[in-house]
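> My questions concern the predicted model and sequence given below.
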Amino acid sequence: KRDGISIEQVPTGLRDTYAPEPQGKKDALRLLAMTEPLMDSARSTQTEPMTFGVDVGVLKRTIISVAQHATRLTQRESRVLEISSPCYVLGDIHGNLVDLQFFRKTLWPAGPEVTAGDFLFLGDFVDRGKDSIPVIAYIMAMKILNPSKWWLIRGNHETREVNGNIEHYQDGSFLNQCLVIFGDNDGYAVWEAVNNFFDTLPLAASIDKTIFAVHGGIPRELCQEGSSLDIVRNLECPMRSVHTNEMVYDMLWSDPSSPEQEHSPELDTAGFGLSARGCTCFGERSIDLFLQVHGFKHVFRGHEAQQSGVGVSKGARLTTIFSTSRDHFAADITSTCGCVLVDHDYIHPIVRALPQTHGVGGLKPTYAEQSVEASEVVVTHDTHSAAPTSPQHPHQGHQPRTPHHEYSSYAEQGGGLTWGRTYPAQESEVIAPPPRRSAWSDDRHQNNFGAAMPRPPMQQWLGAGRRGGG
């Protein structure tokens, strides 16, 4: 029962689903009973970690059991998930219980099992935020209870080298939070059990065979003529160390090139170069090659904090989704969180509304050097050793540049998918699937989170988007 609603699941045999083991389902429900009250009491003014009001020993045993049962589900999944729309796509959560609760109340208020559509998370569930443990506990429990609707792929923070880096992330480190709550011995046991689950997460997803979803970006290997996603599908599972595989490393760590890089000799003939974090970056040429080789129309990814929650770039073919509004920008910078609904031929960005006075608007992309990610300790790819190294970041102390206005209108029509309106979601609202209609069905388009303005000619938008203009 949930919020006065009684839900009963009756198997139909119409879908080849992974039925959770009885004990796994029982422990998942027990863990939800521990985490959902914390989510209900989470407030935007919260500054301290939420506290479980249960016996620590019981909590430890339940989390470990749920992690083990969830592992048995995800290790049977393809390394490239095949998902049909409608599907809500959420980006990085990073231990932010407040925004996760917002999405829970907004997108699946009665539970995913009675909500039309699937849910895809693009990784980075832990670190930075203060509530990594309740966040990942909730996400694992929901995976067990909704194995064919609740999809997860791996991010760079779903690795021991990153979520065990207490020196860099300090109180925000997932390992540190495990040690604080459970003590040294039990804390390491919980941390390792959850990381064993992370080792089995898929690395990418295909939505309607039209949208490629990944955490970081597209690797060079998949941009070569004749390459196939079978390269990813055939990867080992579990994969304990992702940093010894160059392709996987790029899928988890790479960023899109900046607008300045696109017009400089920094990128090679395939559109690849070096990002502000010291990792691979991919440009318009890389996206052209990838989409052409694999038949996709769009790439969805997370990994980079977005001041507007959702950032659209590269001629509206690349969408960066960030589902936490905290812990990534300076205190004087206002940011929000967002997700995207893919509904057959339509793409609908959904962002958490902010007061108009804050001035955050549009779907302009934010680049890594504009947030705390510029100083992130990058675990470098090493083909010779399973022990990755963490060099001093070359861009530490770099002054963030003015946000670039190179983004395509989210109302661009192209490649068989239409960008719909941006839907600002108030905390008290429940967002129903928006009406199916062309973004160009009237004479106005939305900007600045709902502020209407006269629509320019469609060709003008398309041209500006392709050229990288405002």
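In hand now; what should we look at?
> which ones are touching the most centrally placed residue in the chain?
Centroid-nearest residue in the chain, with C-alpha atoms, centre = their mean: residue 91, separated by 2.0 Å. Taking C-beta atoms under 8 Å, 6 or more residues apart in numbering, we find residue 91 in contact with 121-122, 124, 301-303, 306, 320-323, 338-339. Placement of C-beta: from N, CA and C, glycine included.
> where in the stretch 251-400 of the chain is pLDDT low?
327-332, 354-362, 367-400 (pLDDT under 70).
> now the strands for it?
255-256, 272-274, 280-282, 298-301, 310-313, 318-321, 338-343, 346-352 (DSSP state E, counting those that start in this stretch).
> so which of those strands comes closest to residue 237?
strand 298-301 (21.3 Å; C-beta to C-beta).
> What are the buried residues along the closest one?
298-301 (16 or more other C-beta atoms under 10 Å).
> That strand pairs with which strands, and in what direction?
Neighbouring strands of strand 298-301 in its sheet, by DSSP bridges, are strand 211-214 (parallel), strand 318-321 (parallel).
> Dump those strands to CSV, plus mean neighbour count.
Shown next, in CSV, are the strands paired with strand 298-301 (neighbours: other C-beta atoms under 10 Å):
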stretch, mean neighbour count
strand 211-214, 26
strand 318-321, 26
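> pretty sure residue 82 contacts residue 206?
Yes: using C-beta atoms under 8 Å, residue 82 is in contact with residue 206, at 5.5 Å.
> Settle it for me: which of these two has more neighbours?
Neighbour count, other C-beta atoms under 10 Å: between residue 82 and residue 206, residue 206 has more, with 19 against 12.
> Go ahead and report the secondary structure state at that one.
strand (DSSP: H, G, I helix; E, B strand; the rest coil).
> now the strands of the stretch 251-400 of the chain as CSV including distance to residue 146?
Shown next, in CSV, are the strands of the stretch 251-400 of the chain (distance: least, C-beta to C-beta, whole Å):
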stretch, distance to residue 146
strand 255-256, 31
strand 272-274, 37
strand 280-282, 33
strand 298-301, 21
strand 310-313, 24
strand 318-321, 20
strand 338-343, 17
strand 346-352, 20
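> Out of those strands, the one nearest residue 66 is which?
Of the strands of the stretch 251-400 of the chain, nearest to residue 66 by C-beta to C-beta is strand 338-343, at 24.1 Å.
> So in that sheet, which strands flank the closest one, and in what orientation?
Checking strand 338-343 against DSSP bridges gives partners strand 87-90 (antiparallel), strand 346-352 (antiparallel).
> Redo those as a markdown table? Include mean neighbour count.
Shown next, in a markdown table, are the strands paired with strand 338-343 (neighbours: other C-beta under 10 Å):
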| stretch | mean neighbour count |
| --- | --- |
| strand 87-90 | 25 |
| strand 346-352 | 24 |
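> nearest to residue 129, of the ones you listed?
The nearest among those, by C-beta to C-beta, is strand 87-90 at 14.5 Å.
> The helix or strand that that closest one is followed by to strand 346-352, inter-axis angle?
Using DSSP states H and E, the next helix or strand after strand 87-90 towards the C-terminus is helix 97-107. If you take axes from the mean of the first three to the mean of the last three C-alpha atoms, to 10 degrees, helix 97-107 sits at 130 degrees to strand 346-352.
> residues in contact with the helix or strand that helix 97-107 is followed by?
Following helix 97-107 in sequence order, the next helix or strand is strand 118-121 (DSSP H and E). Here strand 118-121 makes contact (C-beta under 8 Å, 6+ apart) with 81, 83-84, 86-91, 93, 107-108, 112, 139, 146, 148-153, 205, 207, 213.
> Kindly report the same for stretch 35-51.
In this structure, residues lying in contact with stretch 35-51 by C-beta under 8 Å, 6+ apart are 52-53, 97-98, 100-101, 104, 130-131, 134, 137-138, 141, 177.
> TSV please, covering those residues and showing neighbour count, distance to residue 238 and pLDDT.
As requested, the contacts of stretch 35-51 are exported to TSV (neighbours: other C-beta atoms under 10 Å; distance: C-beta to C-beta, whole Å; pLDDT from 0 to 100):
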residue	neighbour count	distance to residue 238	pLDDT
52	17	28	88
53	9	33	86
97	28	27	94
98	21	32	92
100	26	26	96
101	21	30	95
104	19	29	96
130	21	28	93
131	27	26	95
134	27	24	97
137	25	20	98
138	25	22	98
141	29	20	98
177	27	23	97
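> nearest to residue 268, of these?
Closest to residue 268, out of all of the contacts of stretch 35-51 and judged by C-beta to C-beta, is residue 100, at 39.0 Å.
> Might you report the residue contacts of residue 112?
Contacts of residue 112 (C-beta under 8 Å, 6+ apart): 119, 142, 146, 149-150.
> so which of those is the most crowded?
residue 142 leads those on contacts (other C-beta under 10 Å) with 25 neighbours.
> excluding its backbone neighbours, what's nearest that residue?
residue 150 (5.0 Å; C-beta to C-beta, 6 or more residues apart in numbering).
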